[in-house]
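K.L.:
Turn this into a model:
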Amino acid sequence: MKYRFALTIFFAALLGFSSVSMAAEKVYRWKLAETWGPNFPIFGDATKNMAKYAKEMSGGRLLIQVDSANLHKSAFGIFDFVRTGQYEMGHSASYYWKGKDINTMFFTTLPFGMIANEQYAWFYYGGGMELMKEVYDKYGVMSFPGGNTGNQMGGWFRKEINTVADLQGLKMRIPGFAGEVLAELGASPTNIPPGELYTSLERNTIDALEWVGPSLDLRMGFHKIAPYYYTGWHEPGTELQFMVNEKKFKDLPEDLQAILVNAMRLAAYEMYTHSQHESIKNLAEIKKNFPNVQIKTFPKEVMTAIRAANDKLLKQFADADPMTVKILKSLREYEADARAWTNISDKAYLDSF
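P.N.:
Reported below is the predicted structural model:
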């Protein structure tokens, strides 16, 4: 009797071990849709790196295929791809979805807002991740930081901007909230997929555009057409975004969930440092090889008008949506504390020589 009982326990344990072993060997094959074109530098590297890290850390149990915009044919369709489960994952920028939910845009950047290191601190320690979850939960989508460009340049212009009147009727590619701000001042903002930017500028479809900064702008060739390169105000710390279908995520074993989250976080950090390096390198090249490029700062009159328009619009958004109030309160309070430290650390150091 004891023998039979012991044998039963042995086979039960063996069956349990086999089940665990089989589960461990199961391969999960996912697809990620990105806004960017094939082999797009820096942004596209982030998705490739994330997929590589997930594969390596999982021992090949989590394989993620990256589909660029040339395959899925919808650069700005990533939100719906992930929401509906057509793709398990996406990589884009949260402010592209402001037409679906105004509160998504605050998780990319905000004009006159936090720089990258301040914003990362807000995401991970200041309540930003929790607020982002609250916004995206209703869509069955999980959102994670997907890599930061750092402070972006204000754009390439065919003509110099000297007064607010120079913005009247200006056709400019500028997405997100910044486009709304310039529209208040008479500009005509539009959003154009990355692959169409140069052609649109060349064919006079637009008069100006902002893209990122030296890290990506130089290779796009904008300097050949628009020689005025303005410093930024609108995207002081632009965070891209990994999106994950919540149901698909919960179907993963817990260890693969953890691996995926950490693969995204590592790829995001690597993108930030890569972007910084490329901007350093490419700015030096612009100064050396393209003397026609004039790096300028918007006049004080223009910046004052832009800031006033920015504040006006934020108030309108807040008046219309309690969630906007909640997010803006968190952003502003954290920025005030973060900037106090930035001013007596980084800024004080840079101003000292």
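
K.L.:
Following the chain past the helix or strand of the chain with the lowest mean pLDDT, name the next helix or strand.
P.N.:
Least confident helix or strand, the chain: helix 2-25 with a mean of 44, by mean pLDDT, DSSP states H and E. Downstream of helix 2-25, the first helix or strand assigned by DSSP states H and E is strand 28-34.

K.L.:
Could you pull up the mean pLDDT of the helix or strand just after that next one?
P.N.:
Going down the chain from strand 28-34, the next helix or strand is helix 43-57, by DSSP H and E. Summarised as a single mean, pLDDT over helix 43-57 is 98.

K.L.:
With stretch 112-122 instead?
P.N.:
On average, stretch 112-122 scores 98.

K.L.:
Just the residues contacting it, thanks.
P.N.:
109, 128, 145, 148-151, 233, 236-237, 239, 272, 307, 310, 330-331, 334-335, 338-339, 342 (CB atoms under 8 Å, 6 or more residues apart in numbering). No exception for glycine: its C-beta is placed from N, CA and C like everyone else's.

K.L.:
Now the buried members of those residues.
P.N.:
Neighbour-count burial (16 or more other CB atoms under 10 Å) applied to these gives 109, 128, 145, 148-151, 233, 236-237, 239, 272, 310, 330-331, 334-335, 338, 342.

K.L.:
Filter these down to the ones in helices?
P.N.:
Using DSSP state H, the subset of these located in helices is 128, 272, 310, 330-331, 334-335, 338, 342.

K.L.:
what would these look like in TSV with pLDDT and distance to residue 213?
P.N.:
Shown next, in TSV, are those (pLDDT from 0 to 100; distance: CB to CB, whole Å):
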residue	pLDDT	distance to residue 213
128	98	23
272	98	13
310	97	20
330	98	27
331	98	22
334	98	24
335	98	21
338	98	22
342	98	19
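
K.L.:
ok, which pair from these is furthest apart?
P.N.:
272 and 310 (24.9 Å; CB to CB).

K.L.:
where does residue 165 fall, phi/psi-wise?
P.N.:
Per-residue torsions, residue 165: phi -60, psi -30 (degrees, to the nearest 10).

K.L.:
Tally up the residues packed near it, please.
P.N.:
12 (other CB atoms under 10 Å).

K.L.:
just residue 311 next, same as before
P.N.:
When neighbours are counted by other CB under 10 Å, residue 311 registers 13.

K.L.:
Could you measure from it over to residue 100?
P.N.:
24 Å (CB to CB, to the nearest Å).

K.L.:
Quick one: residues contacting the spatially most central residue of the chain.
P.N.:
Centroid-nearest residue in the chain, with CA atoms, centre = their mean: residue 240, separated by 1.1 Å. Going by CB under 8 Å, 6+ apart, residue 240 touches 43, 46, 91-93, 108, 145-149, 268, 271.

K.L.:
one more time with 6 Å, if that's ok
P.N.:
By CB atoms under 6 Å, 6 or more residues apart in numbering, the residues touching residue 240 are 93, 146-147.

K.L.:
CSV please, covering the residues you listed and showing pLDDT, neighbour count and distance to residue 174.
P.N.:
Conversion of the contacts of residue 240 to CSV gives the following (pLDDT from 0 to 100; neighbours: other CB atoms under 10 Å; distance: CB to CB, whole Å):
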residue, pLDDT, neighbour count, distance to residue 174
93, 96, 25, 13
146, 98, 26, 20
147, 98, 28, 20
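
K.L.:
Sort out for me which of those residues are in strands.
P.N.:
Residues of the contacts of residue 240 located in strands (DSSP state E): 146-147.

K.L.:
Quick check: of the contacts of residue 240, which lies closest to residue 210?
P.N.:
residue 93 (13.0 Å).

K.L.:
Could I get the pLDDT score of the closest residue to residue 309 other than its chain neighbours?
P.N.:
Distances taken as CB to CB, 6 or more residues apart in numbering put residue 184 closest to residue 309, at 3.9 Å, once the chain neighbours are dropped. At residue 184, the pLDDT value in this model is 97.

K.L.:
separation between residue 184 and residue 154?
P.N.:
16 Å.

K.L.:
When the two are compared, which one has more neighbours?
P.N.:
Taking neighbours as other CB under 10 Å, residue 184 and residue 154 compare with residue 154 leading, 24 against 15.
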